[in-house]
Structures are given as structure tokens and as C-alpha cells.
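K.L.:
Sequence first, predicted model second:
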Amino acid sequence: MTSEPLLNRLRDASTPTEEQKARIRQVMQRTISGNPLFDRAIQDVTPDAAQQSLLWGRILRKIDSPAVSGIFDQIRTMLTPAAGGKIDIRQRLVPARVSSSYRISKWVAAFVLVLVALRASPALFLPRTEAESFVVVIPTQGTVMLSSHGLWQPLTGEVRVYEGMQLRTAQGEATLIFHDDGTVRLGPDTIVTVHDVSNRPEPALAGPTLSLSEGRIWVQGLLPHHLRGITVATTGGNVVVHGGSVSVSHGESTQVRIWDRLAMVDSNGTGTTLVAGEQVQLGKDDELRVRAIEDAEFTDTWVTQNLKRDAVHQREVSQLQQERRAAEAGILPGNPLYTMKRVAERVDVLFTLDHESRVQKKLDQASARLNEAAAVVAGGHSGTTLLAEYTQALLEVSGTGSDSVTQFLVRQEVAENTAEFAAALPDDEHYVLKRAVLEASALLPGEMVDQADVQGVILVDALDVLQTAIESGDTKQAEESYAVIEPYLLTMEDAGDLKPDIRKEVLSLLSSAAEKIQESGTGAETELAVELSPFLPVPQKPAHVPMTESQIMTLIEQIVERIFLYDQPRSRWNQLQHELAQLEGHPDEGTILRHLYHALPENGLAKYVRTAIQELREERSGI
């Protein structure tokens, strides 16, 4: 009770008088009036008649929609008292006269609250999960050492890797996991230095991903070709891996072997693409000499073990990527709040004035449809409608403007989405998401996405699964994979739209699949064998062994004997012409002709042999 007078005095002292209020209003009016900054602010926050009409129309249509009306009906039912309670409420409430100005203020306040709720609702309806990812190293066997700032210490478990860290295995082994982009497995007695730990498709640092100082590593890539790959630097050159399995050994020279898919190799300024089954030595000389990997090397324990690990890891990453997308979906179609979610998205874009932010929000909403499709597919349903909405939203954004900002944001969105599903294969249930992303990107206007890359990814994926299905005897999967590649077979011999590197990989996979089908020779694969027979590898001719001196002299004696069986000069000349025709194309043709020249009379038939020698020289010199 004693504090009330004090509070009253404080309240009276802090409340301005009417005269003070009038003076404050005059000062504010003089400050605002004629000030361009305030005038512009007033114009920006005041919608014109057309915008007000458009806004009210959208709100009324959404309110009148069945889904929203149903929500209001539920709220009305909850707030409506029972029949017996209405009389008691009427008796307790005393009606009061409310002025018209108060009613207007009430409705304006309610309208503002609705807008604020709709503006904030994307944060309520759309979960924003940030899946933080690191590069980690896991010791898998024996002793593994890690050096940071020159201090070596043993690894006892999984450790996060930073730029500049070195790893060394004695008799042990270790595995580096680069986000979802791939893995690098270290064999015994190996030293590597990690240079780049950023995630794709984030901007890359200048330089390689890691460098190999000694030993051997196994690299598995899970990246599409339009993103930067995993780059291994050695003293002999660089190896870039996007998708596939590659081993790199470094000793006196650097040996690169491709076990699956392909890799790009650069040594001494000379670059080339290697496909599965090929190998090359780096640093030996300026010329890259590509050789075939011996069949026996494919049965090596190091190779078979890592290929099995690669298959398991790719499946795990693919499943993780799909689950991550599904977890970000939030409210799904069929939920009573889904309509409110879509209304909130539109209002959010409507009240975004900045161009870049507006484009980014539209792309985020397109990505939301993709997330919803991932969740729907995971539930065993078709996400066709949502995937169509994703494609349409992407096309609408890319078609609204050709400015560099829009193009950059669309490219970035497409790169992120393709990277998110890069590990998926056609026999995964959610491959439909990867294919939808690729096909949508191929429809973008201009040169935002190269359609050759999209076509190549789909074709290579189908061929990869086709080979696996043939090896495992899965006839149904082999037929489904063949149905995907069949439209491309007629044009495969031509250059087509495929890039040279991808075309080389596709032809290599077709050749390998044709071999595996021919070797199986059972079931439906025999039908595929007929279709793929043109892609069977051409049998290599055995290397020519030059004739010995005694072999050549024996042959010359036989030729001379056949010529001089005849007594007439004309008959001898005819026989000589026949012998020369038989020697055309022989690997030792030049050597045989020289010996034959000296074996025949100089002023007789020898002059015709001399003419044949001269013609052979001109042919081989290109004259």
C-alpha cells in the first residue's frame, strides 16, 4: 500500500501532457515532411491499389479453399461453447458500445498479424536442418600415425581431418572419408598429405585434394563429371577421379590403374583419359604409354577387397542421401497443414523485394518439392506429381530472367541437387529422384547444363547396373537396364552427343558387358548377346616376330626356284609379278625385297624388284 503513491507519481512524471504531445507531433511532422528518405520509405511500405487487390484476392481464395475452410471449421467447433453454456455466458457478459474507429483498428491489427504469421510460417512448416559434414580418417588395421603442425601421434579411433594434416601407415591401413564425395584407402607403408577438405559443390581451393608421397592408395569417387573431382598429386603427375575406382602406387615411378569407370591423368603437360582395365606409368618419360591390366591382377586380394568395399559404401551413401532429403521434407501432401505450407511459401516470395533473395527462395521451394518426393518415395508411394512440380518450378525460375545472378543461382541449385543423388544407381528405389533432377537440368534454357553430361550419366549408370546384373545372374534387372541403353545403341558408333571422355567410358562398358554376356551364355542374356555383339572387343593380333636371316634366305631360295622353273623370259616375269603380289603387306616385305634384289640377275629381273622397293618406300613415307 505504501508504494502506490510513489508509483502514481512516477507514472504522472513519465506521461507527457497534451501540450508536450502536440509539440512532439509538430517536431516529427517537420522532420518527416519533405525528407526524401522518409518519403521513399513510406512509398516502399505502402502497397498500391493493384497490389492490395491482388493480395486480398489471394488471401480470400486460400481462405475459401476446402482445405483451409476445413481448418477454420475445426477451430470454430473447438471455440463454440455447448448449448447450456451460451445462456450463462450471455448473462455474465455486459454488452458495450464499441466505436467504429476501434473496429477498423481491430481488423487492421488482425490483418497485420495474419501477414506476420504467414511471413513467419515457412520457418514453422519447413524444417531447416544443417547436416554438418567433415573429412574424417578411420584406422582400420595396425598402427596409423597422424601429424598436425609437425607433431606425430597414433590414431586410436575416428578423427576429423584438417587442411595440411599428414597420415602415415607403417604396417597398418586407414580410410579417409571425404564427405559424400568418395573415399581414399591407404595401404601399408603409405604417406599422404590432405590439402582440401571442402565439400562439393563448394568452391575449391587452389591445388589438389591430397598428395601421395609414397606407398599406395585406393580412390573411390562418387561425383558427377560437372563437379570437381578428387585430385591426387604425385611427383609424376596428377590423377583426377570423379566416379569409379582407381589405385595409385608411388615408388620409383607412379603407377595408375583403373578398376572401374574412368579417371583423368595429367603428366608433364600431357593429359589422357583411362577407362576400366587400363593402366599407365607417370614420370617415366614425356609420352603416356597406356597398357591393359593383366587379368590375373583383378584377382589380387587388395583389388577384390576394395571393389567389394566400394560397392557397399556406394549403397550406404546413396541411402544416406535419400534419407537426408526425406528428413528435410517437413509437412507432406495429405496433411491438413500442407495447404497452409504452400500458402506460406507464396506469401514469403510475395513480400520478398530483393531480386536475388526472391530467386533463391523460389529455388528453395523447388528443392522442397524434391525433399517431399524423397519422403513420399521412401514411404512406398509415387512422387511423380511432386517431381513434375520440381521441374516446373525450376523452369519457371530459369525462364523469368537471363541475368547473371539468376543463371548463377540456378546452376548452383542444379549442382547441389545432382551432387546429393550422385551415388544412386538405377536399381535403387529412389533413383527416380536422381533421374528427375538430371532430366530437369537438361531442359533448362541456354547453356546452363550440358545435355551431353546428363545423357552420359544416365547411360553409364544403366551400363554399370547391367554388368552387375549379368555377373549376379539377375535376368530381370539385366533386361530393365538394357531397355534404358537400347535407344542409344544405334547411334553409339557415331560421335553422337556424348563427350569424348564419356563416349570412351560408355564403349568400354558396352564392350565389358558384351564379354560378360557371351561368357554367361544362359537365359535371357543370350538375346542381349546378339544385340551387344557389335561391341565385343576386337581380337588383338599377336605381336609380329621378325623373320631370322636363315628364314629369309630359305624363302628367297624358294622364290628364285619358282621363277626359274620357266625357260621363257615372259613366263619368268609373270612369276616374279605373282611373287611380288604375295609379298604385299608382309611385315618383313622390305627386307625380303632387298634380299631378292641381290639374288636375281642385275640386268634382268632385278630391275623390277628395285622398282617395287622404291614404291614401298614412297608408300611408307606418305609421298
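P.N.:
Cool, got the structure. Numbers count the residues shown, from 1 in each chain.

K.L.:
What strand or helix carries the closest residue to Gly244 other than its chain neighbours?
P.N.:
The shortest distance from Gly244 to any non-neighbouring residue, by Cβ to Cβ, 6 or more residues apart in numbering, is to Arg261 (2.5 Å). C-betas here are computed from N, CA, C, even on glycine. Per DSSP states H and E, Arg261 falls inside strand 254-267.

K.L.:
Give the pairing partners of that strand; include direction for each.
P.N.:
With DSSP bridges as the test, strand 254-267 is paired with strand 237-241 (antiparallel), strand 243-250 (antiparallel), strand 270-275 (antiparallel), strand 278-282 (antiparallel).

K.L.:
In PDB, list the C-alpha atoms belonging to that strand.
P.N.:
What follows is strand 254-267, C-alpha atoms only, in PDB (Å, rounded to 0.1, in the frame of the first residue of the first chain):
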ATOM      1  CA  THR A 254      53.900 -43.700 -60.300                       C
ATOM      2  CA  GLN A 255      51.600 -46.500 -61.400                       C
ATOM      3  CA  VAL A 256      47.900 -45.700 -62.000                       C
ATOM      4  CA  ARG A 257      45.400 -48.500 -62.600                       C
ATOM      5  CA  ILE A 258      41.700 -48.000 -63.400                       C
ATOM      6  CA  TRP A 259      39.500 -50.800 -61.900                       C
ATOM      7  CA  ASP A 260      36.000 -49.200 -62.500                       C
ATOM      8  CA  ARG A 261      34.700 -46.400 -64.600                       C
ATOM      9  CA  LEU A 262      37.400 -43.800 -65.600                       C
ATOM     10  CA  ALA A 263      39.900 -41.300 -64.400                       C
ATOM     11  CA  MET A 264      41.800 -38.400 -66.000                       C
ATOM     12  CA  VAL A 265      45.600 -38.400 -65.800                       C
ATOM     13  CA  ASP A 266      48.000 -35.500 -66.400                       C
ATOM     14  CA  SER A 267      51.700 -35.900 -66.600                       C
END
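
K.L.:
would you turn the strands paired with strand 254-267 into a markdown table with mean pLDDT, distance to Glu323 and mean neighbour count?
P.N.:
What follows is the strands paired with strand 254-267, written out as a markdown table (pLDDT from 0 to 100; distance: least, Cβ to Cβ, whole Å; neighbours: other Cβ atoms under 10 Å):
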| stretch | mean pLDDT | distance to Glu323 | mean neighbour count |
| --- | --- | --- | --- |
| strand 237-241 | 92 | 25 | 23 |
| strand 243-250 | 92 | 21 | 24 |
| strand 270-275 | 86 | 32 | 17 |
| strand 278-282 | 89 | 36 | 21 |
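
K.L.:
As a markdown table, those with distance to Glu561 would be great.
P.N.:
Output for the strands paired with strand 254-267, formatted as a markdown table (distance: least, Cβ to Cβ, whole Å):
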| stretch | distance to Glu561 |
| --- | --- |
| strand 237-241 | 57 |
| strand 243-250 | 57 |
| strand 270-275 | 51 |
| strand 278-282 | 49 |
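
K.L.:
where do the helices sit along the stretch 501-623 of the chain?
P.N.:
Under the criterion DSSP state H, counting those that start in this stretch, helices of the stretch 501-623 of the chain are mapped to 525-532, 549-563, 569-583, 589-599, 606-621.

K.L.:
Next, format the ones you listed as TSV and append mean neighbour count.
P.N.:
Output for these, formatted as TSV (neighbours: other Cβ atoms under 10 Å):
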stretch	mean neighbour count
helix 525-532	17
helix 549-563	14
helix 569-583	14
helix 589-599	17
helix 606-621	13
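
K.L.:
of these, which approaches Val280 most closely?
P.N.:
helix 525-532 (27.5 Å; Cβ to Cβ).
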